[in-house]
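Q: Provide a 3D model corresponding to the input given below.
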Amino acid sequence: PTLQLLADEGLVTAEQVGERKVYSLTDAGKEAAAQSATEPVQGRKAEEFSRRAALPPAGAKLAQAASQVVHSGTPEQADRAVAIIDDARRKLYAILAEE
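A: This next block holds a predicted model:
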């Protein structure tokens with residue numbers, strides 16, 4: 001979806017090469033990339049980026065812990081782990097519903 005959006009905006013072009021689709025930056029895309037690379041991320045934007053960047057690794061750690069329960073835990077422990085993860089998912093959606 002992201003590449004399609006960039007193509008729609010004229011920032012990349014797509015070319016079929018064999019069985020693969022290869023994307024290349026257009027001149028406008030190169031300009032936009034150069035501009036965003038030189039613009040500093042400051043203040044609140046930097047803090048927001050840092051907080052958002054912390055979410056995927058936290059999810060990966062959760063998946064690792066769940067995997068350990070699957071491999072080493074009892075069936076009862078696995079059931080408790082599922083309940084905890086289900087509760088966490090509901091709480092995450094509740095956070096989004098606050099706004």
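
Q: residues making contact with the helix or strand of the chain with the lowest mean pLDDT?
A: None of the helices or strands of the chain scores lower by mean pLDDT, DSSP states H and E than helix 27-38, at a mean of 81. Contact with helix 27-38 is made by 6, 10-12, 25, as judged by C-beta atoms under 8 Å, 6 or more residues apart in numbering. Bear in mind the C-beta positions are built from the backbone N, C-alpha and C, glycine included.

Q: Which of these fall in helices?
A: Among the contacts of helix 27-38, the members falling in helices are Leu6 (criterion: DSSP state H).

Q: quick one: the most centrally placed residue in the chain from Leu5, how far?
A: Of all residues in the chain, the one closest to the mean position by C-alpha atoms, centre = their mean is Pro56, 6.3 Å from it. Using C-beta to C-beta, to the nearest Å, Pro56 is found at 20 Å from Leu5.
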